[in-house]
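J.: Quick one: sequence and predicted model below, then my questions.
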Amino acid sequence: MNGVNKMVIEEIAILNGNIITMDSKIPKCRAVFVKDGKVECIGSDEDIKKKIGEKTKILDVDGKTVLPGFKECHMHFSEFVKSLSKVDLRDCASIEEIKEKLKENIEKKIIIGMSFNDESFLEKRIPNRKDLDEVSDGIPIIIYRVDLHVCVVNSKALELLGIDKMSKPFEGGAIEKFSNGEPNGILKENAVKMASKLEQKFQSKGFENDLLKASKIAFKYGLTSVSDLLVDWNILQTYRELEKQGKVKLHINTYIIDECLKDEKRLVEELSKGKYVKLRGIKFILDGSLGSKTAALLEGYSGDPKNVGIMRIPYDELESKVIKADQLGVQISLHAIGDKGASYALEVLSKTKRRKQLRHRIEHLQVLNENLINKMKDLDIIAVVQPIFINTDYPWVESRLGQKRIQYAYTLKTLLNKGIKVAGSSDRPVESMNPFWGMYCAVSQRDLEGNPFPEWVKKERVTMKQALTLFTTEAAYATHENSGKLVPGAVADLIILPEDPFKVTLDVLKSMDSLLTIINGKVVYAKKDIFYK
Ligand SMILES: [Zn+2]
């Protein structure tokens with residue numbers, strides 16, 4: 001459609017729609033009236049036609065489905081933006097293939113590769129610096145594992161990082177070495193941060209352009225809100241400046257790294273700033289990931305019983321910081337993947353006084369037990385899960401956890417049945433942020449390729465309605481947004497879909513995208529202009 005970006009529409013009347021409001025009082029209606037960025041009213045075509053004035057844009061959607069915009073409440077949006085200029089290694093099936101792909105980028109000043117997955121490599125091992133030196137020993141190279149908890153750097157990057165034989169073990173992380181004591185280029189957990197800092201030094205000025213590109217991808221997926229779960233003051237400032245220039249067109253909910261708690265005054269001030277870019281809370285990373293065997297477990301990994309994972313922050317430090325943030329009125333988000341991580345998270349959240357009002361949340365929760373689930377419910381803590389993880393993880397995760405623990409792994413239905421608030425997300429760039437894939441994985445008895453899931457996965461699948469709430473109402477709750485439902489007074493974030501998710505097969509659902517995306521009452525994306533009169 002021509003001129004979508006320039007058009008400032010203050011009033012929109014959506015008529016003739018199959019409108020799913022996600023509000024239990026009036027679940028369906030035909031028409032919506034949007035004014036000054038808010039839903040003004042909903043009702044029948046006749047009701048809404050009465051509102052139409054000279055400047056109202058009329059969208060006759062011809063019976064198409066209208067929904068509140070989808071929300072992605074746990075992703076790393078700035079990482080996604082940056083990843084658009086990085087090398088995608090997701091589909092590489094061998095270390096040789098990785099080398100080939102990296103070599104295509106040899107003209108760059110630094111080569112960053114994303115999302116390699118050694119689980120699917122022919123060689124059955126993580127690459128090391130010698131592999132990467134074969135690509136180049138003159139340009140720094142950093143490649144990140146799909147879970148971002150492990151990265152591999154080449155010799156040039158090690159030199160720039162000042163890592164050598166003499167480097168001491170890294171607190172809350174690891175600098176791995178060859179048997180002769182030389183670093184092998186593999187960095188884990190907290191040590192990964194060093195590589196990210198090196199990367200920042202080389203960062204090109206492409207962020208602004210890439211932000212627009214990334215936003216368009218989000219609009220196409222029907223996402224009206226995204227999130228950034230680990231920002232520092234620099235990234236927040238960059239977002240704020242771009243918002244001032246009118247370059248941010250979707251809601252970005254940010255969560256700041258725990259180091260920023262040092263600057264209490266600024267932290268509190270930032271909470272009330274911005275229209276699109278919001279600082280919502282503070283994020284703490286408690287443990288690692290199951291893929292890297294660094295998620296903290298109460299009992300050792302199956303087949304590797306001495307390994308209980310890594311706790312990345314000492315409990316006492318976590319407790320004092322979390323209590324401080326709670327007192328300051330800041331929402332708390334805790335990354336906890338293993339059951340030990342979850343038990344620390346719940347222990348520390350039990351000490352907070354404002355957890356209900358501030359809506360404290362735990363991210364991932366991939367290994368639980370009955371006790372922990374009861375505690376979640378008692379403390380009223382939000383679970384932020386990633387239904388799409390199951391698609392990638394189910395083939396190997398049982399061997400990490402064993403038959404007993406797997407019954408409480410990647411729970412979804414169990415949490416919802418308990419009455420726990422559950423919000424959906426993707427952790428992009430770990431997985432695709434396509435919410436249709438997320439909903440498919442929440443509902444389907446089969447993976448995205450159509451292979452049947454094992455029983456322990458099947459028993460946790462939920463209804464289509466529940467899947468929709470994960471990415472609308474519940475995600476809005478988890479980020480304190482006044483949207484996720486089409487009710488009068490809500491922020492006018494909505495999407496028009498080609499089909500009704502309740503009436504199509506899951507295969508159709510997974511290949512859907514948005515026909516039209518409206519954010520803050522403005523059309524930001526339109527696949528077709530057929531609706532305009
Ligand atoms: Zn994350």
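T.: Arrived safely.

J.: does the residue of the stretch 401-533 of the chain found nearest the ion count as helix, strand or coil?
T.: Distance from the ion to each residue of the stretch 401-533 of the chain (C-beta to the ion) is smallest for residue 427, at 4.4 Å. From N, CA and C alone the C-beta is placed, and that goes for glycine too. Here residue 427 is recorded as coil under DSSP: H, G, I helix; E, B strand; the rest coil.

J.: give me every residue that touches residue 372.
T.: Neighbour list for residue 372: 339, 342, 343, 346 [criterion: C-beta atoms under 8 Å, 6 or more residues apart in numbering].

J.: If we use 10 Å, what do you get?
T.: Each residue near residue 372 by C-beta atoms under 10 Å, 6 or more residues apart in numbering is listed here: 298, 336, 339, 342, 343, 345, 346, 362, 365, 408, 411.

J.: for the stretch 251-400 of the chain, what spans make up the strands?
T.: Taking DSSP state E, counting those that start in this stretch as the criterion, the stretch 251-400 of the chain carries its strands at 251-257, 277-285, 331-336, 361-364, 382-385.

J.: before we move on, the earlier item: nearest residue to the residue of the stretch 401-533 of the chain closest to the ion in space, please, no chain neighbours.
T.: Once flanking residues are discounted, residue 427 sits nearest to residue 386: 5.0 Å by C-beta to C-beta, 6 or more residues apart in numbering.

J.: What's the per-residue pLDDT of residue 531 here?
T.: For residue 531, the model assigns a pLDDT of 65.

J.: I should have written residue 7 there, sorry.
T.: 51.

J.: Could you measure from the closest residue to residue 350 other than its chain neighbours over to residue 313?
T.: Closest residue in space to residue 350, ignoring its immediate chain neighbours: residue 379 at 5.8 Å, by C-beta to C-beta, 6+ apart. Computed as C-beta to C-beta, to the nearest Å, the residue 379 to residue 313 distance reads 20 Å.

J.: okay, these two: which has more neighbours?
T.: With neighbours defined as other C-beta atoms under 10 Å, residue 379 and residue 313 compare such that residue 313 has more, 21 against 18.

J.: hang on, the more buried one packs against residue 259?
T.: No - Residue 313 is beyond contact range of residue 259, at 11.3 Å (criterion: C-beta atoms under 10 Å).

J.: Determine the residues that are contacts of both of these two.
T.: By C-beta under 10 Å, 6+ apart, the residues touching both residue 313 and residue 259 are residue 321.

J.: Check which helices and strands the helix or strand harbouring residue 32 is in contact with.
T.: Assigned by DSSP states H and E, residue 32 belongs to strand 31-35. Here strand 31-35 touches strand 11-15, strand 38-43, helix 45-49, strand 57-60, going by 3 or more C-beta pairs under 10 Å, 6 or more residues apart in numbering; DSSP states H and E.

J.: partner strands of it, parallel or antiparallel?
T.: When pairing is defined by DSSP bridges, strand 31-35 lines up against strand 11-15 (antiparallel), strand 38-43 (antiparallel).

J.: ok, and what's touching the last one?
T.: Put plainly, it is strand 38-43. With C-beta under 10 Å, 6+ apart, strand 38-43 has contacts from 11-14, 19, 21, 23, 26, 28-35, 47-51, 66, 68, 482-483, 485-494, 520-521.

J.: Can you show me the CA trace of that strand as PDB?
T.: Presented in PDB, the C-alpha positions along strand 38-43 are these (Å, rounded to 0.1, in the frame of the first residue of the first chain):
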ATOM      1  CA  LYS A  38      -7.400   3.800  21.800                       C
ATOM      2  CA  VAL A  39     -10.300   1.400  21.200                       C
ATOM      3  CA  GLU A  40     -13.200   3.700  21.700                       C
ATOM      4  CA  CYS A  41     -16.000   1.200  21.400                       C
ATOM      5  CA  ILE A  42     -16.900  -2.200  20.000                       C
ATOM      6  CA  GLY A  43     -20.300  -3.400  18.700                       C
END
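
J.: and that strand, how far out from the chain's middle?
T.: 29 Å (C-alpha atoms, centre = their mean, to the nearest Å).

J.: Mind listing what's buried along it?
T.: Across strand 38-43, burial judged by 16 or more other C-beta atoms under 10 Å covers 38, 39, 40, 41, 42, 43.

J.: where are the low-confidence patches of the stretch 101-250 of the chain?
T.: Along the stretch 101-250 of the chain, segments meeting pLDDT under 70 span 203-205.

J.: Kind regards, and thank you for your time.
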